[in-house]
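Chemist: based on what follows, work out the 3D shape:
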Amino acid sequence: MFMTLVRHLSILLLLLGLVHLACAQAPNWAVTASNYQYSMTVTAFLNVNGTTLDSEQDRVGAFVGNEVRGVAHLQWVESSGRYLAFLTIYANQVGETIQFKIYNSSSGAVVEVDKTLPFGLDEQRGNVFQAYSIASPALRTGAEIKEFSFANAYTAASTISASQVHLAVDYNQDLNALVPEFTLSEGAGLYLGREQLSSGSQPLDFTETLQLEVLSEDEATLRSYEVVVIHQAQSDADFTASNVVTANGDGHNDTWRVLHADRYRDFTFLIFDANGRILYESVGYQNDWGGYYQGRRLDKGKYYYKVESSDKSRVMTGHILLVY
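Modeler: Prediction:
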């Protein structure tokens, strides 16, 4: 009795194993090219549930109804650094509706794709940079720059249109090593040439207009943008500074404050008394002068400042009132 039960269990386990093996095996899709007059080619990437497949065991089948019209497995493409399928589809009639199925080797599942493709004689869809998307569910189609600025420079103004990005930075800002920060349509990528850019990670030279491209997640849309960076026109009226210093430690007006002091990092800052004696001098300013000279608190009264650009083309002057 016991041995009979063991045999039955063994047979059951064997059958379950065979069923699992059958389910996990790759489908035997095949097509006889000589049966068809026409063909078209598709260079595609495969995506299932948001994950791009990356095994040479993964494959895609093209179908008209239940009839196999093309089969391809993924191949590593060194020039683009990813796996692609080079699929040839066959037909005897132009305009037939082609459907797709993906075999995902990691799960052993065959996934039907909602997306269809009309057969076109000698057509070629996709390339190694902008491949055709065969995905379930479908990937996103947006390809826009939503926001654009710089990680290492103050952006005074920015305008984004359908094909251009215009930005203004401080008039003395170097343009040859700006680090762009950007927000795109969800899932999209930003490219310079064929190199994908990462937000906030790499400096670029913006002394000349740059041509950037946004590629949608499904790679169906490639939108070009001209990115133009200029220096903001500066005037003395832009300079804003406080004119009262109390230096009493209450956290209010304890130091002389210059608005956006970082914009004037190459300027010389001078503070002097009514007799012209220089009490403070610095290239750039950290909003740190609190009415002291050589460690001694100055008498209350009126003092004067002068802020001058390195080429002496801009000079801002005014007074500071020390109040205790």
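
Chemist: can you list the domains in the chain?
Modeler: Split into domains by automatic domain parsing, the chain comes to 29-136, 145-231, 236-322.

Chemist: give me the distance between the two termini of the longest one.
Modeler: Same thing as domain 29-136. 19 Å (C-alpha to C-alpha, to the nearest Å).

Chemist: now the nearest residue to Pro118 once chain neighbours are set aside: how far from Leu121?
Modeler: Distances taken as C-beta to C-beta, 6 or more residues apart in numbering place Gly95 nearest to Pro118, at 5.6 Å, with adjacent residues excluded. (C-beta placed from N, C-alpha, C; glycine too.) Here the criterion is C-beta to C-beta, to the nearest Å. By it, Gly95 lies 9 Å from Leu121.

Chemist: next one: His319
Modeler: According to C-beta to C-beta, His319 stands 82 Å off from Leu121.

Chemist: check the secondary structure at Ser34 for me.
Modeler: helix (DSSP: H, G, I helix; E, B strand; the rest coil).

Chemist: I'd like the domains of the chain as a markdown table, with mean pLDDT and mean neighbour count appended.
Modeler: As requested, the domains of the chain are arranged in a markdown table below (pLDDT from 0 to 100; neighbours: other C-beta atoms under 10 Å):
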| stretch | mean pLDDT | mean neighbour count |
| --- | --- | --- |
| domain 29-136 | 98 | 17 |
| domain 145-231 | 94 | 16 |
| domain 236-322 | 90 | 14 |
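
Chemist: Ala91 reaches Val68, doesn't it?
Modeler: No - using C-beta atoms under 8 Å, Ala91 is not in contact with Val68; the gap is 11.9 Å.

Chemist: got a list of contacts for stretch 116-127?
Modeler: The set of residues external to stretch 116-127 that reach it, using C-beta atoms under 8 Å, 6 or more residues apart in numbering, is 38-44, 89, 91, 93-100, 132, 219.

Chemist: before we move on, what about stretch 145-163?
Modeler: Stretch 145-163 has contacts (C-beta under 8 Å, 6+ apart) with 165-170, 173, 177-185, 190, 200, 203, 212, 214, 223-227, 232, 260, 262-263.

Chemist: can I get that stretch in CSV, CA atoms only?
Modeler: Coordinates of each C-alpha in stretch 145-163 appear next as CSV, following Å, rounded to 0.1, in the frame of the first residue of the first chain:
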residue,chain,number,x,y,z
ILE,A,145,11.5,69.6,-21.8
LYS,A,146,9.5,70.7,-18.9
GLU,A,147,12.1,72.6,-16.9
PHE,A,148,15.7,73.6,-17.6
SER,A,149,18.3,75.4,-15.4
PHE,A,150,21.9,75.0,-14.2
ALA,A,151,23.2,73.3,-11.0
ASN,A,152,26.3,75.5,-10.8
ALA,A,153,24.9,78.9,-12.0
TYR,A,154,22.1,81.3,-11.1
THR,A,155,19.5,81.2,-13.8
ALA,A,156,18.1,84.7,-14.0
ALA,A,157,15.4,83.9,-16.7
SER,A,158,14.3,81.0,-18.8
THR,A,159,11.8,80.4,-21.6
ILE,A,160,10.9,77.1,-23.0
SER,A,161,8.9,76.8,-26.3
ALA,A,162,8.1,73.8,-28.5
SER,A,163,11.6,73.8,-30.1
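
Chemist: so which of the contacts of stretch 145-163 sit within strands?
Modeler: Within those, residues falling in strands by DSSP state E are 165-169, 180-184, 190, 212, 214, 223-227.

Chemist: can you tell me, leaving aside adjacent residues, what's nearest to Ala109?
Modeler: In space, Ala109 comes closest to Tyr103 once its chain neighbours are excluded; the distance is 7.7 Å by C-beta to C-beta, 6+ apart.

Chemist: name the element the one you found belongs to?
Modeler: strand 97-104 (DSSP states H and E).

Chemist: and the helix or strand that comes right after that strand, which strands flank it?
Modeler: Note on strand 97-104: by DSSP H and E, the next helix or strand toward the C-terminus is strand 109-118. Using DSSP bridges, the strands paired with strand 109-118 in its sheet are strand 97-104 (antiparallel).

Chemist: ok, residues contacting the partner strand?
Modeler: 26-27, 29, 46, 48, 53, 58-64, 69, 89, 109-113, 115-119, 134, 136.

Chemist: do stretch 76-88 as well
Modeler: Here stretch 76-88 makes contact (C-beta under 8 Å, 6+ apart) with 33, 39-46, 52-56, 58-60, 62, 70-75, 128-129, 131, 134, 194.

Chemist: then stretch 181-196?
Modeler: 80, 129, 139-140, 142-151, 197, 199-200, 204, 210-217.

Chemist: among those, which are located in helices?
Modeler: The members of these all map outside helices under DSSP state H.

Chemist: extract the CA atoms of the strand holding Tyr103 and return them as PDB.
Modeler: Once non-C-alpha atoms are left out, strand 97-104 reads as follows in PDB (Å, rounded to 0.1, in the frame of the first residue of the first chain):
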ATOM      1  CA  THR A  97      -2.400  43.900 -39.700                       C
ATOM      2  CA  ILE A  98       0.600  42.600 -37.900                       C
ATOM      3  CA  GLN A  99       0.300  41.600 -34.300                       C
ATOM      4  CA  PHE A 100       3.100  40.800 -31.900                       C
ATOM      5  CA  LYS A 101       3.800  38.300 -29.100                       C
ATOM      6  CA  ILE A 102       6.800  38.500 -26.800                       C
ATOM      7  CA  TYR A 103       8.500  35.500 -25.100                       C
ATOM      8  CA  ASN A 104      10.000  36.500 -21.800                       C
END
